[in-house]
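Q: Provided below for reference: sequence and predicted model.
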Amino acid sequence: MDKMNTTQHISHQFNAEMQSLRNHVMSMGGLVEQQILSAVDALQSMDAVAAEKVVRTDHKVNALEVSIDEECARILARRQPAASDLRMVVAVIKTITDLERIGDEAEKIARMAVHMSEQDGRYHSKYAGVQHLARHVSSMVHEALDAFARLDVDASLKVLKDDEVVDAEYQAFMREMITYMMEDPRTISEVLDVVWAARALERIGDHAKNICEYVIYLVKGKDVRHTDIHDVEKDIRS
């Protein structure tokens with residue numbers, strides 16, 4: 001095999017490895033999305049069996065993080081990527097960390113469902129804000145993964161804006177729950193479980209936002225963490 005063919009062969013292998021890496025991230029993301037939906041469904045239905053399944057499945061999320069991290073390490077050691085390829089590997093390493101933490105938050109929601117079920121808790125209309133929050137953050141995670149797959153800066157920017165809406169929804173829900181507990185102190189234990197579940201959902205939104213910040217870094221080469229959303233928009237449009 002001559003030098004040119006050898007170079008082309010190596011390049012083809014490297015591209016295949018990078019595509020495999022991205023595919024594995026998407027697979028992990030799909031599992032995490034399902035964990036969120038299953039945990040919230042278990043909380044709503046007070047289904048301890050379904051909630052326990054979410055808790056048991058978390059080890060699969062953790063195993064995927066380790067596997068993808070090892071894949072990144074092999075690429076860095078063997079290929080020594082530069083420029084955009086190096087940014088891709090860095091973005092993947094950061095993204096899978098956030099996906100693993102999203103999985104942890106889904107597990108927390110499931111554990112709240114188990115605890116409420118054991119305490120004969122009831123999930124009623126006053127907790128509807130949790131479902132609304134869950135739909136919103138689930139959509140954010142899905143859109144963040146889609147933005148990662150397509151390297152879409154505009155889609156990433158939308159998720160960053162959505163996170164501000166989620167934060168406002170969470171604060172409004174918290175005020176409602178505080179009022180509810182003050183009106184009926186007997187509900188405090190139950191409401192606190194729901195509040196912790198809502199907090200986990202708010203954190204999931206933060207992690208989805210983080211993933212989109214990595215996409216912007218990957219495409220634009222600009223670190224927009226800890227930057228006001230309006231400044232981010234101006235910066236990436238410039």
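A: Structure received. Residues are numbered from 1 along each chain as shown.
Q: quick one, helices of the chain?
A: Using DSSP state H, the helices of the chain run over residues 3-45, 48-79, 83-118, 128-150, 153-183, 188-220, 229-237.
Q: Dump the ones you listed to CSV, plus mean pLDDT.
A: Converted to CSV, the helices of the chain look like this (pLDDT from 0 to 100):
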stretch, mean pLDDT
helix 3-45, 84
helix 48-79, 95
helix 83-118, 94
helix 128-150, 94
helix 153-183, 95
helix 188-220, 94
helix 229-237, 70
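Q: Can I get the ones you listed in a markdown table including mean neighbour count?
A: (Each C-beta comes from the backbone N, C-alpha and C, glycine too.) Shown next, in a markdown table, are these (neighbours: other Cβ atoms under 10 Å):
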| stretch | mean neighbour count |
| --- | --- |
| helix 3-45 | 16 |
| helix 48-79 | 16 |
| helix 83-118 | 21 |
| helix 128-150 | 20 |
| helix 153-183 | 16 |
| helix 188-220 | 22 |
| helix 229-237 | 13 |
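Q: nearest residue to residue 196 other than its sequence neighbours?
A: Leaving aside its sequence neighbours, residue 196 sits nearest to residue 112 (Cβ to Cβ, 6 or more residues apart in numbering; 5.5 Å).
Q: what's near enough to touch the one you found?
A: 43, 193-194, 196-197, 200 (Cβ atoms under 8 Å, 6 or more residues apart in numbering).
Q: Which one of those is nearest to residue 221?
A: Closest approach to residue 221 among the contacts of residue 112 (Cβ to Cβ): residue 200, at 32.7 Å.
Q: right, and the closest one touches residue 106 too?
A: Yes. Using Cβ atoms under 8 Å, residue 200 and residue 106 qualify as a contacting pair, with a distance of 7.4 Å.
Q: who touches the residue nearest to residue 108 when sequence neighbours are not counted in this structure?
A: Leaving aside its chain neighbours, residue 108 sits nearest to residue 200 (4.5 Å; criterion: Cβ to Cβ, 6+ apart). Residues near residue 200 by Cβ under 8 Å, 6+ apart: 105-106, 108-109, 112.
Q: try residue 71
A: Residue 71 neighbours (Cβ under 8 Å, 6+ apart): 17, 20-21, 24.
Q: again with residue 95
A: Counted by Cβ under 8 Å, 6+ apart, residue 95 has contacts 25, 148, 211, 214.
Q: Kindly reformat these as CSV containing distance to residue 56.
A: Putting the contacts of residue 95 into CSV (distance: Cβ to Cβ, whole Å) gives the following:
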residue, distance to residue 56
25, 23
148, 27
211, 25
214, 29
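Q: Could you point out the member of these that lies closest to residue 173?
A: residue 211 (23.6 Å).
Q: Surely the closest one and residue 96 touch.
A: No. Counting by Cβ under 8 Å, residue 211 stays clear of residue 96, with 9.7 Å between them.
Q: quick one: contacts of stretch 18-32?
A: Under the criterion Cβ under 8 Å, 6+ apart, residues 57, 60-61, 64-65, 67-68, 71-72, 75, 85, 88-89, 92, 95-96, 99, 102-103, 106, 141, 145, 148-149 lie in contact with stretch 18-32.
Q: contacting residues around stretch 98-105?
A: Residues outside stretch 98-105 that contact it (Cβ under 8 Å, 6+ apart): 25, 28-29, 31-32, 35-36, 58, 61-62, 65, 141, 200-201, 203-204, 207-208, 210-211.
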